[in-house]
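Here's a sequence, model it:
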Amino acid sequence: MNIASTAAAAAFGVAILAGSAGAQELKYANWAPPMHTINAAQMEPLAEALSEGTDGAVTLRGFHGGELGAGPADQFVRVLQGTADMGWGVQAYTSSQFPKSLILELPGALPLDRPGHAALWRAFESGEISDEYPRTEVLALWASEPNILMMRDTEIRSPEDLRGLKIRVAGSISADAMEALGATPVQFPMTQVYNGLQTGLIDGVISGASVLSDFKLNEVVDSVTTGPNFGRTAFYTVMNQGAYDGLSDEAKAALDEIKGAPISQMTEEAWIATADAALEAARESDSTTVIELESAEADAFNEALAEVTDAYVAEVGGDATLQAIQAE
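Below is the predicted model of the structure:
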């Protein structure tokens with residue numbers, strides 16, 4: 001995160017607590033550290049919109065690092081139960097809840113240069129995935145930058161280089177992808193990856209490059225491989241439906257103006273900016289090797305992964321969802 005973002009995050013930490021006496025305070029559950037990209041990218045704009053739209057009558061307070069309950073996999077349930085009014089999460093952590101949303105994560109489902117947030121909203125607004133978010137107001141749907149491989153003590157240049165290695169995955173889709181390439185998938189939250197790499201529990205991780213800085217993995221990763229279309233990670237931010245319905249007309253109007261496409265695009269673009277900066281830092285680092293595979297080299301991975309995508313879409317009856325995701 002740059003200095004400006006850090007300063008903004010610090011200011012946000014003060015601003016969200018500064019409501020007037022008797023003001024309504026909404027709780028946002030953030031399982032990541034307080035300086036994570038989500039803070040400046042999404043929480044601050046939501047807080048500002050609510051405060052300005054209600055003359056300070058409604059404020060937003062961030063609870064960071066799992067303060068409202070440990071475990072990022074429980075974020076959706078946490079909002080449903082009202083422990084938090086809002087929260088963000090990773091669909092892959094509870095894949096049974098979001099089977100069709102996860103089609104976006106499939107290798108090759110979306111070209112590397114196309115935005116994930118627009119694809120997810122096309123699927124949502126067409127009704128293909130909307131029933132996967134019951135009893136909530138969906139505020140944001142977005143995706144990470146395309147996934148890459150980040151390794152400790154190993155350089156990956158071909159699928160054969162992955163054979164037998166333990167790779168941390170976010171969920172079932174990336175697990176199937178790693179198995180198709182001969183690796184052994186290991187699933188646990190991103191908050192545990194640093195220790196897993198440091199101790200040798202895992203050999204690497206498949207995720208977007210933003211985690212190099214957001215979770216300080218640059219300290220324990222010494223090689224990065226880009227080029228193949230490994231897919232990407234999908235995210236959501238939801239609000240408890242009762243909490244949303246109970247907002248004043250002014251607060252609801254303020255939230256309605258920013259929710260959906262606007263805040264989703266802002267968040268995804270911030271993710272990509274963080275990833276770009278992290279990758280550039282890796283390129284400039286003497287301790288990290290960045291391997292950028294050319295088309296022919298990347299195709300060896302892409303061809304091996306195509307069957308994973310076809311099989312998953314067939315399993316969940318997701319042809320229409322995939323069409324919505326891929327639509328221009």
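
for this protein, which spans come out with low pLDDT?
1-22 (pLDDT under 70).

Helix, strand, or coil at the residue nearest the centre of it?
Among the residues of the chain, the one closest to the centroid is Phe235, at 4.2 Å (Cα atoms, centre = their mean). State at Phe235, reduced to three classes by DSSP: H, G, I helix; E, B strand; the rest coil: strand.

bridging residues for it?
Beta bridges link Phe235 to Val90, Trp142 when assigned by DSSP bridges.

Check whether it really touches Gly89, as I assumed.
Yes: under the criterion of Cβ atoms under 8 Å, Phe235 makes contact with Gly89 at 6.9 Å. In this view, the C-beta of every residue, glycine as well, is placed from N, C-alpha and C.

list residues touching both of those two?
Residues touching both Phe235 and Gly89 by Cβ atoms under 8 Å, 6 or more residues apart in numbering: none at all.

Which parts of the chain are helices?
Taking DSSP state H as the test, the helices found in the chain are 3-15, 37-38, 44-53, 75-80, 116-125, 172-180, 193-199, 211-214, 241-245, 249-258, 261-284, 295-315, 319-326.

how about these in JSON lines, adding distance to Phe98 and mean neighbour count?
As requested, the helices of the chain are arranged in JSON lines below (distance: least, Cβ to Cβ, whole Å; neighbours: other Cβ atoms under 10 Å):
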{"stretch": "helix 3-15", "distance to Phe98": "28", "mean neighbour count": "14"}
{"stretch": "helix 37-38", "distance to Phe98": "18", "mean neighbour count": "24"}
{"stretch": "helix 44-53", "distance to Phe98": "22", "mean neighbour count": "20"}
{"stretch": "helix 75-80", "distance to Phe98": "9", "mean neighbour count": "23"}
{"stretch": "helix 116-125", "distance to Phe98": "11", "mean neighbour count": "22"}
{"stretch": "helix 172-180", "distance to Phe98": "11", "mean neighbour count": "22"}
{"stretch": "helix 193-199", "distance to Phe98": "21", "mean neighbour count": "17"}
{"stretch": "helix 211-214", "distance to Phe98": "20", "mean neighbour count": "24"}
{"stretch": "helix 241-245", "distance to Phe98": "17", "mean neighbour count": "15"}
{"stretch": "helix 249-258", "distance to Phe98": "23", "mean neighbour count": "17"}
{"stretch": "helix 261-284", "distance to Phe98": "16", "mean neighbour count": "19"}
{"stretch": "helix 295-315", "distance to Phe98": "13", "mean neighbour count": "15"}
{"stretch": "helix 319-326", "distance to Phe98": "11", "mean neighbour count": "18"}
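
can you put these in CSV and add distance to Thr226?
As requested, the helices of the chain are exported to CSV (distance: least, Cβ to Cβ, whole Å):
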stretch, distance to Thr226
helix 3-15, 24
helix 37-38, 19
helix 44-53, 29
helix 75-80, 29
helix 116-125, 17
helix 172-180, 15
helix 193-199, 18
helix 211-214, 12
helix 241-245, 39
helix 249-258, 32
helix 261-284, 8
helix 295-315, 9
helix 319-326, 22
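
And those: which comes nearest Trp31?
Ranking the helices of the chain by distance to Trp31, with Cβ to Cβ as the measure, places helix 75-80 first at 6.3 Å.

Give me the helices and strands touching the closest one, please.
strand 24-29, strand 86-90, strand 136-143, strand 234-240 (3 or more Cβ pairs under 8 Å, 6 or more residues apart in numbering; DSSP states H and E).

Give me the distance from it to the chain's centre.
16 Å (Cα atoms, centre = their mean, to the nearest Å).

With stretch 266-278 instead?
11 Å.

Stretch 74-92 too?
With Cα atoms, centre = their mean, you get 14 Å for stretch 74-92.

Nearest spatial neighbour of Glu292, chain-adjacent residues omitted?
Thr226 (5.1 Å; Cβ to Cβ, 6 or more residues apart in numbering).

Can you get me a residue count around that neighbour?
19 (other Cβ atoms under 10 Å).

who are the neighbours in contact with the closest residue in space to Ile258 that isn't next to it in sequence?
Sequence neighbours aside, Ala49 is the residue nearest to Ile258 in space, at 4.6 Å (criterion: Cβ to Cβ, 6+ apart). By Cβ under 8 Å, 6+ apart, Ala49 lies in contact with Ala254, Leu255, Glu257, Ile258.

Now tabulate those residues in a markdown table and tack on distance to Glu297.
Output for the contacts of Ala49, formatted as a markdown table (distance: Cβ to Cβ, whole Å):
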| residue | distance to Glu297 |
| --- | --- |
| Ala254 | 49 |
| Leu255 | 46 |
| Glu257 | 46 |
| Ile258 | 42 |
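
picking up where we left off before, wait, which of the helices of the chain is closest to Ile103?
Closest among these, using Cβ to Cβ: helix 319-326, at 5.1 Å.

Contacts for the closest one next, please.
By Cβ under 8 Å, 6+ apart, helix 319-326 touches 100, 103-104, 109-110, 119-120, 122-123, 126, 128-129, 313.

Over to stretch 284-299?
Under Cβ under 8 Å, 6+ apart, the answer for stretch 284-299 is 155-158, 218, 221-229, 279, 282-283, 301.
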